[in-house]
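Visitor: Sequence first, predicted coordinates after that:
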Amino acid sequence: MQATNMAADTHRETDTSHRVSSLNHNDKPYHIVLAQQFDRSSIDQLCQMADMIRTIANSRQGGQFLRTMLGHKRAMLYFIQPSTRTFLSFTAACQVIGMPFSEVRDRSTSSEVKGESEDDTIRTLSQYFDLIIMRHPMEGFAEHVATMLNDMPRTIPVMNAGSGKDQHPTQALLDIYTLYRSFANPRAERSEPRYTKNVFAGKTIAFAGDLLRGRTVRSLAYLLCRYPGVRLVFVSPPELKIGDDILDYLGKHDIEYELRDDLRKDLGEYDAVYMTRLQDEHDKSGESKAIDYDKYVLTADMVPDFKSNLTIMHPLPRRHELDEKLDATPYAKYWQQVRNGMWMRAALIATVFNVDVAIRDHYHAYYTF
Amino acid sequence: MQATNMAADTHRETDTSHRVSSLNHNDKPYHIVLAQQFDRSSIDQLCQMADMIRTIANSRQGGQFLRTMLGHKRAMLYFIQPSTRTFLSFTAACQVIGMPFSEVRDRSTSSEVKGESEDDTIRTLSQYFDLIIMRHPMEGFAEHVATMLNDMPRTIPVMNAGSGKDQHPTQALLDIYTLYRSFANPRAERSEPRYTKNVFAGKTIAFAGDLLRGRTVRSLAYLLCRYPGVRLVFVSPPELKIGDDILDYLGKHDIEYELRDDLRKDLGEYDAVYMTRLQDEHDKSGESKAIDYDKYVLTADMVPDFKSNLTIMHPLPRRHELDEKLDATPYAKYWQQVRNGMWMRAALIATVFNVDVAIRDHYHAYYTF
Amino acid sequence: MQATNMAADTHRETDTSHRVSSLNHNDKPYHIVLAQQFDRSSIDQLCQMADMIRTIANSRQGGQFLRTMLGHKRAMLYFIQPSTRTFLSFTAACQVIGMPFSEVRDRSTSSEVKGESEDDTIRTLSQYFDLIIMRHPMEGFAEHVATMLNDMPRTIPVMNAGSGKDQHPTQALLDIYTLYRSFANPRAERSEPRYTKNVFAGKTIAFAGDLLRGRTVRSLAYLLCRYPGVRLVFVSPPELKIGDDILDYLGKHDIEYELRDDLRKDLGEYDAVYMTRLQDEHDKSGESKAIDYDKYVLTADMVPDFKSNLTIMHPLPRRHELDEKLDATPYAKYWQQVRNGMWMRAALIATVFNVDVAIRDHYHAYYTF
């Protein structure tokens, strides 16, 4: 994958393409900042790389091979916003690929108390580490950092692990990877190049719940635009409907979509349902209490209405909107989704440092017949 | 060591054996949850494995060999209850055996604030990691987790690093390993198979101090029942005497024991004294203040009363009950005891993942003459 | 480098030499405690080792070679005093040299709450780890620990990463390494043995700002005494001038120095300016507010007054005393200084464990022509 792929959006999205192309040049590190930066071929290749890493890691010899890939580099996990799940997913990904890492979780124990600007903190980190994986409460902060690092004599890549309510591109990639694996014919896995086929064409994917504040849905919607023929249904209370900017983006990319307000209705239409919880921690005045969330809940008694090969996803953590009784059913893909995150993040790191080539070679030498 | 060993207690302890056998089946991961699950042969083999790892780790080449054992696996140290000592012992054990690890020390920075159940947290962790090492304030929590993980499509082993006031099986194993090394003839180490002999027969071991609230003593007592002929003396204030359930267990296993209330009296009888501190942090109403703890203290002026090869142990941290002046005497084995914990935990992890076989082969190839 | 080098000060500094020689004997581990313990040859060799490690780490093969050096050892980063920068520098150094590490950042989550003395905490750590890297608020604590560990049956080295307002020897070493690299002719790097030449002779180095409370300046002054012919200028407000003990030390070593109170005046004299911030976090009564710090500030408009090859350093974090506009100029060496810390600390750890020899051999075999 070339950094030039990052400008994929150029002719359609004036606004975003500007953001993307200003970050990534051929002579600069490969920053992972926005979901929009990935074109179809990049996504396909990342899914393929994730599958290869998963397969190789399955044996002890393979696992040891992978751990030789990035032992000479170091990652900084700069996670200022509380996050256990994404943090641990990245640590596990680093461990899979053999990349040592350190962490900063809290600026208050750091140089901030001595009056240091956050820019200087990042500049300092860029001297010790070869990659900054960043989770931050401020929207657009990862972009700002990528630009700032491009100006340093020693430039290193930044990877956005979630910034503000805006973007969470690695979550979007693991989500699309999970859909990919569900929609593709698993028996065909090794005999045909499944990642060059558009397995999304003709599929209907529902997003249910708090679509206003869930950044995972936003980022995933950007990626799904790369797959013509997919149909998206946004099922939410009117107060929590998906942002108009996303609907505009879908429209510009000729993606069919619909807005609904009851999950149970027409449930049998959906090939996948992407559940989300009510994000009332963002809720200062308690206005969410008035919302009737019961129409955005999936329970075991709804199984008869499911399409036979329905895929249920959830970015987790869940609350009552997703019934624990569904965990044991074949529809539940949310635990695999968690694990897919680790493989996809390992694939991304490998790609940023161009060791995807060595992994691909190793895979073809030992794991194909 | 086979998982079938775990059911050792079956014919004697209806209650415990039920707990043990419900956890460990041949087709499930090898969970380390209760001290009672270890039979004599398991303990002997773990002590032997700990000795082998210690010997191999002593050279740079050996250390590098050990670090190739589990580089392809990942451990999660889920330590919700504050613990530095046990936590670091496990990190060092993982490092010895080359197993990458991550940690969760505090649920408040995690998904709990977003309303996630602790079960879902654990299920999520089980997707990233291959072993959960768990310290938890709730009694029986490790058992609950083992059962829950057995129901997941991807099952992984859990290791109990202390739960509530109840069980601390890895501490018990390091304690018995320390006694083993003290009682066995060190010069015979390589020429005879010392771990098949019952070196405890005829030995008197005193436990002194707060025996009511110290879980280390409880767990060690379970293990000592595997060695007929050992004699246990419990020396404590009447308010802090050992639980009746332990005494019942000893009785059922025909282990001779005695309860006393003054450590200095009959001190010359003891081959080992296991000291404990007053655990008054569990003490809400300050009732411990009335207890005269001075009769449960070991000081340098008592050395003349010691048996010539007395072994002094302490799970640490200590307070005034164990005189610092004893540190430099040959009786003091509590620092070695700390280090033994690292070797024993490395042996346990190796055994859980069946790499004990490769370590044994390496040992016999390079370290026996 | 031999531990005997540590007594370098013997004939001049009765007081310090006593501290140094009581710590380091030939049969004891090599503790890194005081800046004064390094003689000229030790410093030269450490700078050389840092350069070799930097060069070797530059390639993937080299990086993997370095990571085999200390995989069989374990470091404890005992950082009780808040510090992100130094902490991360040491973690990165451990990662460069392949040394696994664990950390203790806060005694309150540890055994202290159970009434353990800090000495016992350290003794316990010494059982799991092979090196303690220590940052502590108490002056002289690292020395105390080195002495205490020398009395344990298992002795391990301690490395002082900053104790109280007193000493920060590894910062001093990275500072002198940065000066070395700036003053030496880079084109001559490989053809002549630059680290045997006194590149400091005839150079004027200014220290500016809060020289009373900045321990980095104190430690660096000790090291510069090893280089006859260097001239030091201390530029500070009268209330924050450098301690008399340092001036005494310089006097005894025949190092020329001067005290001034305006940085802009005579700026053109300086080959290097070492900037420091106002350390008003030590400031309880707010007395620093009255100080006019504007005379100890370096701004972009002062560039015309700079010597053509001026080196600007700063231990960071900075505040307004060092203009961000200078970052892009060739004078700015403070980001390299940060990175130099990682290489110097890796060199120190390698030296403590005597793997510097293997690194030197590898360097001469593969990286010299």
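Guide: Done, it's in.

Visitor: Would you mind listing what in chain A touches chain B?
Guide: A:57, A:59-60, A:62-64, A:66-67, A:82, A:84-85, A:88-89, A:91-92, A:95-96, A:105, A:277, A:281, A:316-319, A:328, A:335-336, A:338-339, A:342 (CB under 8 Å from any CB of the partner chain). For the C-beta atoms, the positions are set from N, CA and C on the backbone; glycine is no exception.

Visitor: Give me the subset of the residues you listed lying in helices.
Guide: A:57, A:60, A:62-64, A:66, A:85, A:88-89, A:91-92, A:95-96, A:335-336, A:338-339, A:342 (DSSP state H).

Visitor: Need the contact partners of stretch A:319-327.
Guide: A:208-209, A:275-278, A:293, A:296-300, A:303, A:312, A:314, A:332, A:334-335, B:115-116 (CB atoms under 8 Å, 6 or more residues apart in numbering or on different chains).

Visitor: And the buried ones among the residues you listed, selectable in PyMOL?
Guide: To isolate the buried members of those in PyMOL, using 16 or more other CB atoms under 10 Å in any protein chain shown:
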select buried, (chain A and resi 208+209+275+276+277+278+293+296+297+298+312+314+332+334+335) or (chain B and resi 116)
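
Visitor: I'd like to know which of the contacts of stretch A:319-327 are part of strands.
Guide: A:208, A:275, A:312 (DSSP state E).

Visitor: Show me what the last one is bridged to.
Guide: When bridges are called by DSSP bridges, residue A:312 pairs up with residue A:273, residue A:332.

Visitor: Kindly state the domain boundaries assigned to chain A.
Guide: A:3-167+A:340-359, A:169-338 (automatic domain parsing).

Visitor: Now do residue A:277 against residue A:211, distance only.
Guide: According to CB to CB, to the nearest Å, residue A:277 stands 12 Å off from residue A:211.

Visitor: mind listing the helices for chain A?
Guide: Using DSSP H, helices in chain A cover A:14-23, A:40-57, A:60-66, A:85-96, A:118-128, A:141-150, A:169-183, A:215-224, A:244-252, A:334-352, A:356-366.

Visitor: Alpha carbons only: can I get the last one in PDB?
Guide: Meaning helix A:356-366. What follows is helix A:356-366, C-alpha atoms only, in PDB (Å, rounded to 0.1, in the frame of the first residue of the first chain):
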ATOM      1  CA  ASP A 356       3.500  -6.000   5.200                       C
ATOM      2  CA  VAL A 357       5.600  -7.100   2.300                       C
ATOM      3  CA  ALA A 358       7.700  -9.500   4.400                       C
ATOM      4  CA  ILE A 359       4.600 -10.800   6.100                       C
ATOM      5  CA  ARG A 360       2.900 -11.400   2.700                       C
ATOM      6  CA  ASP A 361       6.000 -13.200   1.500                       C
ATOM      7  CA  HIS A 362       6.100 -15.400   4.600                       C
ATOM      8  CA  TYR A 363       2.400 -16.200   4.300                       C
ATOM      9  CA  HIS A 364       2.700 -17.200   0.600                       C
ATOM     10  CA  ALA A 365       5.800 -19.300   1.400                       C
ATOM     11  CA  TYR A 366       4.300 -21.300   4.300                       C
END
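
Visitor: Tell me if it is near chain C.
Guide: No - taking CB under 8 Å from any CB as the criterion, helix A:356-366 and chain C are apart, separated by no less than 10.0 Å.

Visitor: Same question for the fourth one.
Guide: No - shown here: helix A:85-96 not in contact with chain C (CB under 8 Å from any CB), separated by at least 11.3 Å.

Visitor: Contact partners for the spatially closest residue to residue A:205 that is not a sequence neighbour?
Guide: Closest residue to residue A:205 apart from its sequence neighbours, by CB to CB, 6 or more residues apart in numbering or on different chains: residue A:272 at 4.6 Å. By CB under 8 Å, 6+ apart, the contact set of residue A:272 is A:179, A:182-183, A:203-206, A:310-313.

Visitor: same question, residue A:202
Guide: Residue A:202 touches A:229-230, counting by CB under 8 Å, 6+ apart.

Visitor: Now it. Its backbone dihedrals?
Guide: phi 90, psi 0 (degrees, to the nearest 10).

Visitor: per-residue confidence at it?
Guide: Note on residue A:202: pLDDT of 96.

Visitor: again, but for the one 4 residues further on
Guide: At residue A:206 the predicted local confidence, pLDDT, stands at 98.

Visitor: For the residue of chain A found nearest chain C, which residues are in contact?
Guide: Per CB to the nearest CB, the residue of chain A with the smallest distance to chain C is residue A:72, at 2.6 Å. The neighbours of residue A:72, taking CB under 8 Å, 6+ apart as the test, are C:57, C:59-60, C:62-64, C:67.

Visitor: Model confidence at it, what's the number?
Guide: So residue A:72 comes in at 95 (pLDDT).

Visitor: any idea how far it is from chain B?
Guide: Counting by CB to the nearest CB, to the nearest Å, the gap from residue A:72 to chain B is 16 Å.

Visitor: Need the nearest residue in space to that residue, chain neighbours excluded.
Guide: Using CB to CB, 6+ apart, the closest residue to residue A:72 is residue C:63 (2.6 Å).

Visitor: was I right about that neighbour contacting residue C:57?
Guide: Yes - counting by CB atoms under 8 Å, residue C:63 does reach residue C:57; the two are 5.1 Å apart.

Visitor: anything in contact with each of the two?
Guide: A:72, C:96.

Visitor: neighbours around the closest residue to residue A:170 other than its chain neighbours, how many?
Guide: Closest residue to residue A:170 apart from its sequence neighbours, by CB to CB, 6+ apart: residue A:345 at 5.7 Å. When counting by other CB atoms under 10 Å in any protein chain shown, one arrives at 29 neighbours for residue A:345.

Visitor: list the contacts for residue A:367?
Guide: A:52, A:55-56, A:62.

Visitor: Mind pulling up the pLDDT for it?
Guide: pLDDT, residue A:367: 89.

Visitor: before we move on, back to that, so which of the contacts of residue A:72 is the closest to chain B?
Guide: residue C:67 (10.6 Å).

Visitor: Surely that closest one and residue C:98 touch.
Guide: Yes - counting by CB under 8 Å, residue C:67 touches residue C:98, with 3.3 Å between them.

Visitor: and those two? which has more neighbours close in?
Guide: When neighbours are counted by other CB under 10 Å, residue C:98 comes out ahead of the other of residue C:67 and residue C:98, with 23 against 20.

Visitor: With residue C:350 as the reference, measure out to that one.
Guide: 10 Å.

Visitor: low-scoring stretches of the stretch 201-350 of chain A, by residue?
Guide: Scanning the stretch 201-350 of chain A for pLDDT under 70 picks out A:281-289.

Visitor: residues from chain A in reach of chain C?
Guide: Selection of chain A residues close to chain C by CB under 8 Å from any CB yields A:68, A:71-74, A:76, A:100, A:102, A:104, A:109-111, A:113-116, A:120-121, A:123-125, A:127-129, A:151-154.

Visitor: of those, buried ones?
Guide: A:68, A:71-74, A:76, A:100, A:102, A:104, A:109-111, A:114, A:116, A:120-121, A:123-125, A:127-129.

Visitor: what number of residues lie near the residue of the stretch 251-369 of chain A found nearest chain B?
Guide: Closest approach of the stretch 251-369 of chain A to chain B (CB to the nearest CB) occurs at residue A:317, with a separation of 3.4 Å. When counting by other CB under 10 Å, one arrives at 20 neighbours for residue A:317.

Visitor: Next: residue A:291.
Guide: 18.

Visitor: List the residues that contact the nearest residue to it once chain neighbours are set aside.
Guide: Excluding the flanking residues, the one nearest residue A:291 by CB to CB, 6+ apart is residue A:237, at 5.2 Å. By CB under 8 Å, 6+ apart, the contact list for residue A:237 reads A:261, A:291-293, A:295-296.

Visitor: center of chain A - which residue?
Guide: residue A:171 (2.0 Å; CA atoms, centre = their mean).

Visitor: How many neighbouring residues does the nearest residue to that residue once chain neighbours are set aside have?
Guide: What sits nearest to residue A:171 in space, not counting adjacent residues and going by CB to CB, 6+ apart, is residue A:216, at 4.9 Å. When neighbours are defined as other CB under 10 Å, residue A:216 has 22 of them.
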